[in-house]
Structures are given as structure tokens and as C-alpha cells.
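J.: Here is my input; please provide its structure:
(one chain, ligands or ions: 2)
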Amino acid sequence: MSHKVFIDGEAGTTGLQIRERLEKRSDIELIRLSDDKRKDAGARKEALNSADAVILCLPDEAAIEAVSMIDNPDVRVIDASTAFRTDAAWTYGFPELNDGQRAEIAASKRISNPGCHATGFIALTNPLVEAGIIPSFFPITATSLTGYSGGGKSMIAEFEGAPEHGQDRGKGHERLYATGLAHKHLPEMTLYSGLESPPIFTPIVANFPQGLIVQVPLHLWALPDEPDIDAIRNLLTAHYLGEQFVRVANAEESEEAGAVHGAMLANTNQLLIHVFGNPDQDTANLVAVFDNLGKGASGAAVQNLNLVLGVEEGLGLV
Ligand SMILES: NC(=O)C1=CN([C@@H]2O[C@H](COP(=O)(O)OP(=O)(O)OC[C@H]3O[C@@H](n4cnc5c(N)ncnc54)[C@H](OP(=O)(O)O)[C@@H]3O)[C@@H](O)[C@H]2O)C=CC1
Ligand SMILES: CC(=O)N[C@@H](CCC(=O)OP(=O)(O)O)C(=O)O
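T.: Ligands and ions are numbered 1, 2, ... in the order given. Take a look at the predicted model:
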């Protein structure tokens, strides 16, 4: 039996990568709109209501509009935008969050796909906050280094140059952004990490297309139980044991890593965690590396789609 899937926003960066992952599959029948119809409200409404599952890869306002167009109660929705990520009526699409999340996603009709920066931050902090190693009141700082595809078509055009934009190749500049410390992922980062207050979060966009590194530095001596580096690593390792897409590097691998490259997991749905540390200083740096368009967006959306369709969770993903 094939499942009908409509990707609203298929021509965009996230949508295109989802299509590439789905069009090879014999169990999926993609509902597609021609280029002149892809923003036509009537055509979209028909497609949205005739699918078994829809994946919204749109700006927030267009995603909210798309959801309002759905009147078929059987349609399952996976939204890649920020619009519903902290909405209590929606299920957060991070299956590895805790023991119950996968089943909740599988049973849900409304799933919000996590933000790219948020994915790394939550993967690093949630298990430690849940275990009480990081108290929920603890002040946390995080930095993220992202490839420019994180900013969608307009940022790709800025960095790669596009004749229709009158730009030259390589014009995009690496930069610190969200300097007002109010990045749009803060609400989901706070809610799903279990922290009481938002982290101080500063992202940097760099001149490579795909990949992302989130880091959360910790003064271990400032934590109430003064855990050592191994205790942090062991807890994260136990939390993600058996997961197909999230892995914690062992001590030897992290010691030998030397450097972490942002693009090392590009074109995969993998997320790798390192726990770096300096025992003499009693400090640690929690690092998550993955593809902003893999586990940070398109890959995660396909993983969630597989869960709602009741097929193998890793189908079509590497
Ligand atoms: N890029 C990333 O790494 C990540 C993106 N996301 C989220 O995914 C969503 C899509 O982002 P991204 O793919 O990067 O963005 P893009 O700008 O690359 O793509 C958005 C697409 O939506 C189309 N679109 C805009 N408005 C409408 C409308 N009213 N009806 C139909 N189509 C419309 C655009 O059309 P047109 O081609 O004409 O501009 C474009 O093709 C956003 O909410 C983003 O925040 C989430 C995680 C990571
Ligand atoms: C480089 C860049 O600008 N990246 C985007 C994040 C992309 C993303 O995760 O999209 P959502 O906001 O829908 O989650 C940003 O930081 O705002």
C-alpha cells in the first residue's frame, strides 16, 4: 500500500531535500503541484486534504494558513516551521527526547519538527536536566555554528550568488547574528530542555552550505553535584543507547578528535555528541554535530513521517 504525501513548499530548501528522500521510495506517492499552482490557495487546499500526510516547509505565516485549510480529520501534519513548536496541542518531533516521545509522535496528527539549533541544544541538555545533573534553574550558555542553507533560499543566494539577485559568488559574510539574544528557537530550547530560563544563545552563520555544531560549555565545579566529565558522558551515552540517529562518542574518540568539522555529517540524518573536557580545570564542553538539513530539518521530518505512517523509522535515511 502506498501512502499519499504532499510537501507544501517543495520548491524550498527543506522541501526539496525531503522530496529527494521520498521520491525514491515505492511506499510513497507524492502529490505534486506544478510551478504555477504551488502558491495557489485552491490547489494547495485540495492537495492538503487529499494526502495521508503533509509536510509543511513554509515560512511561519504560510504554515499557519496551510493548517487552517485542512478540514479532513485524517490528515497527519508535520510542520517544519517555528509556528507550533511550543503549542501544547502539537507533538514535538524529537523521537529521542525521552521514552514516550516516539509513541506520542506515532499517534499524533500534528507534529512540529524541531528547529535546527534547538535540536542540538535539546539533545545535549535535556537528559542532564532530567537527571538533575544540570539543575533546572542553572544558567546555561550555548553557541551554534551553522551552514548558510539554514537561512533557506535567500541566504543560499546571498552566499552563493545568484544572477537574479544581481549578486556575485561568495558575497555572503560569516557573522554572529541574533545579537539581541532573542533567537526564535529560545522558546522550544527552554521548554524541551527542561530549563526554567532561556539560555544565552548566539548563533554564527559560516561560509559552508550544510552542517551545524551546537556547543554548551559547563563549569562542572559550579554544578551542585560537581560531576566529572565521565559522569556527563556516561549519562548521555546511556540516554541514547540503541538509537539509530543519535550517538555519543566514547572518551577515546573525543580525545583523538582534535577538531570538529561542521559539515562532517552533511547529507545524513546522524547527530554525533562529543563530551570534551579538561579535568584540571573541571570544565566540559558538550558538542552536537549534525546536518541542519538532515537531523536539523529534512531528515528529521522524514523520520517523523515514517513514525506516523507506521513504517521502519529509518526508511530512506542514512
Ligand atoms: N533551512 C533550514 O536549515 C531549516 C529550515 N526550517 C524551516 O523550514 C521552513 C522552510 O524553510 P526553508 O526551506 O529554509 O525556506 P526556503 O525559503 O528555502 O523555502 C520556503 C518555500 O516556501 C515557499 N512559499 C512561501 N510562501 C508560500 C505560500 N504562501 N504558499 C506556498 N509556498 C510558499 C517559497 O516559495 P518561493 O520559492 O517562491 O520563495 C519557498 O519555496 C521554514 O519555516 C524554516 O524556518 C527548519 C529547520 C531548518
Ligand atoms: C542560518 C539561519 O539563519 N538559520 C535559521 C534557522 C533555520 C531553522 O532552524 O529554521 P527554523 O527557525 O524554522 O527552525 C536561524 O537561525 O534563524
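
J.: Quick check: pLDDT value at Arg76.
T.: Each residue has a pLDDT score; the one for Arg76 is 98.

J.: To clarify, my last question referred to Arg169.
T.: Arg169 carries a pLDDT value of 57.

J.: repeat for the one 3 residues further on
T.: With respect to pLDDT, Gly172 has a value of 81.

J.: thinking it is in contact with Ser154, fair?
T.: No: using C-beta atoms under 8 Å, Gly172 makes no contact with Ser154, being 10.5 Å away. No exception for glycine: its C-beta is placed from N, CA and C like everyone else's.

J.: Looking at those two, which one has more neighbours?
T.: When neighbours are counted by other C-beta atoms under 10 Å, Gly172 and Ser154 differ, and Gly172 comes out ahead with 19 against 10.

J.: ok, now which ones touch the residue lying closest to the more buried one once chain neighbours are set aside?
T.: Closest residue to Gly172 apart from its sequence neighbours, by C-beta to C-beta, 6 or more residues apart in numbering: Phe159 at 3.2 Å. The neighbours of Phe159, taking C-beta atoms under 8 Å, 6 or more residues apart in numbering as the test, are Tyr148, Gly170, Lys171, Gly172, Asn207, Pro209.

J.: Can you read off the backbone torsions of Gln101?
T.: Backbone torsions of Gln101, given as degrees, to the nearest 10, read phi -70, psi -40.

J.: circling back to that earlier point, switch the contacts of Phe159 over to a markdown table; also include secondary structure and distance to ligand 2.
T.: Below are these laid out as a markdown table (DSSP: H, G, I helix; E, B strand; the rest coil; distance: C-beta to the nearest ligand atom, whole Å):
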| residue | secondary structure | distance to ligand 2 |
| --- | --- | --- |
| Tyr148 | helix | 6 |
| Gly170 | coil | 17 |
| Lys171 | coil | 15 |
| Gly172 | coil | 10 |
| Asn207 | coil | 12 |
| Pro209 | coil | 11 |
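
J.: Compare those residues and tell me which has the most neighbours.
T.: Using other C-beta under 10 Å as the neighbour test, those are led by Tyr148, with 21 neighbours.

J.: what's the spacing between the closest residue to that one other than its chain neighbours and ligand 2?
T.: When the adjacent residues along the chain are set aside, Tyr148 lies closest to Phe159, with 4.2 Å between them (C-beta to C-beta, 6+ apart). With distances taken as C-beta to the nearest ligand atom, to the nearest Å, Phe159 is found 10 Å from ligand 2.

J.: when you scan the one helix or strand Phe159 maps to, is anything in it near ligand 1?
T.: Using DSSP states H and E, Phe159 maps to helix 152-160. Yes: legend: contact between helix 152-160 and ligand 1 by C-beta under 6 Å from any ligand atom is shown at Gly152, Lys153.

J.: for the record, mean pLDDT for that helix?
T.: Mean per-residue pLDDT for helix 152-160: 92.

J.: what's the answer for stretch 28-35, then?
T.: Per-residue pLDDT over stretch 28-35 has a mean of 98.

J.: Show the secondary-structure elements that the one helix or strand Gly299 maps to is packed against.
T.: With elements taken from DSSP H and E, the one containing Gly299 is helix 298-309. Judged by 3 or more C-beta pairs under 8 Å, 6 or more residues apart in numbering; DSSP states H and E, the packing partners of helix 298-309 are helix 13-22, strand 53-56, strand 76-79, helix 101-107.

J.: How about the longest one, which residues are buried there?
T.: Meaning helix 13-22. Thr13, Thr14, Gly15, Leu16, Gln17, Ile18, Arg19, Arg21, Leu22 (16 or more other C-beta atoms under 10 Å).
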